[in-house]
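Novice: With the input below, show me the fold.
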Amino acid sequence: NPHDYSIKEQADIVEDLLFHLDVTEVHLLAHDYGDTVAQELLYRFDNSQFVVHQKLKVKSVCLLNGGILPETNFPMLSQQVLLRPLIGPMLCYIMNYLSFKKGLGSVFGENTQPSRAEMSDFWAAIRWNNGHQIASRLLQYIPERHANRDRWVGVLQTTKVPVHVIYGPADPVNPPVFLDRYRELVPHAVITVLNSHISHYPQLEDPTSVMTAYLGFLESNKLI
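Specialist: The predicted structure follows:
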């Protein structure tokens, strides 16, 4: 801090890491912020625009709840406030465990809330290296999604790479209106809709169903 975070920079980092590790084929499994990073990586693959790793092949993409379509993504009030100039950065400095717990808990299902120990771990993770103080900077991905909508939504409509969505329908940030819009835009869409009480963090709220759906997706496309 200060630093201008961006989805494209995050994709650069992933690409750089895979190049460093000499990984040439990947299956992308992403959630939330990571969905958009995965969409950017898929766009680069489909358009031969990788920055450093020209040999990288994206074999499949699986997206969990996130702002895949900006028009059906509804940021929480706290996120909207953090995006405001001056006010947002100031609020980052007074963020505390109770406000964090309330905000994060609101996007979990009523019966799938994190345990006290898990919530403490989440808070410890976001506070590491004063990470909570740059929340307003990280949230710039929200307007970035709108600015790059044609790029990141368009690639889902045109790609030949197998794409699967695993979705928790109780998500207040990405409510079920997402399903109809996604199916309208991506006629060949493949979606697994989880139990009605699963919300924004399906990989934590119902990991068994998520893994079953993901492995089923890979097997059905003869990817494993």
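Novice: C-alpha from now on. contacts and neighbour counts both.
Specialist: Fine.
Novice: how far is stretch 8-27 from where the chain is centred?
Specialist: Between the centre of stretch 8-27 and the centre of its chain there are 17 Å (CA atoms, centre = their mean, to the nearest Å).
Novice: CA atoms only: put that stretch into CSV for me.
Specialist: Written as CSV, here are the backbone C-alpha positions of stretch 8-27 (Å, rounded to 0.1, in the frame of the first residue of the first chain):
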residue,chain,number,x,y,z
LYS,A,8,-5.0,-8.7,-15.1
GLU,A,9,-2.0,-8.4,-12.7
GLN,A,10,-3.3,-11.4,-10.7
ALA,A,11,-3.5,-13.4,-14.0
ASP,A,12,0.1,-12.3,-14.7
ILE,A,13,1.1,-13.7,-11.3
VAL,A,14,-0.6,-17.0,-12.0
GLU,A,15,0.9,-17.2,-15.4
ASP,A,16,4.4,-16.4,-14.0
LEU,A,17,4.1,-19.0,-11.3
LEU,A,18,3.1,-21.8,-13.7
PHE,A,19,5.9,-20.8,-16.0
HIS,A,20,8.4,-20.9,-13.1
LEU,A,21,7.1,-24.4,-12.1
ASP,A,22,7.2,-25.6,-15.8
VAL,A,23,3.5,-26.4,-15.7
THR,A,24,2.2,-26.5,-19.3
GLU,A,25,-1.4,-27.9,-18.8
VAL,A,26,-3.9,-26.7,-16.2
HIS,A,27,-7.5,-27.3,-15.0
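Novice: Residues contacting it, please?
Specialist: Contacts of stretch 8-27 with the rest of the structure, by CA atoms under 8 Å, 6 or more residues apart in numbering, involve 37-38, 40-41, 50-53, 55-62.
Novice: where are the low-confidence patches of the protein?
Specialist: By pLDDT under 70, the chain has no low-scoring segment.
Novice: which residue is nearest the middle of it?
Specialist: Geometric centre of the chain, nearest residue: residue 32, 1.9 Å, by CA atoms, centre = their mean.
Novice: Tell me the helix or strand right after the strand or helix carrying residue 154.
Specialist: Using DSSP states H and E, residue 154 falls within helix 149-158. Sequence-wise, the next helix or strand downstream of helix 149-158 (DSSP H and E) is strand 163-167.
Novice: Which strands and helices lie in contact with the following helix or strand past that next one?
Specialist: With elements assigned by DSSP H and E, the helix or strand that comes after strand 163-167 is helix 177-185. Here helix 177-185 touches no other helix or strand, going by 3 or more CA pairs under 8 Å, 6 or more residues apart in numbering; DSSP states H and E.
Novice: This completes my enquiry, with thanks.
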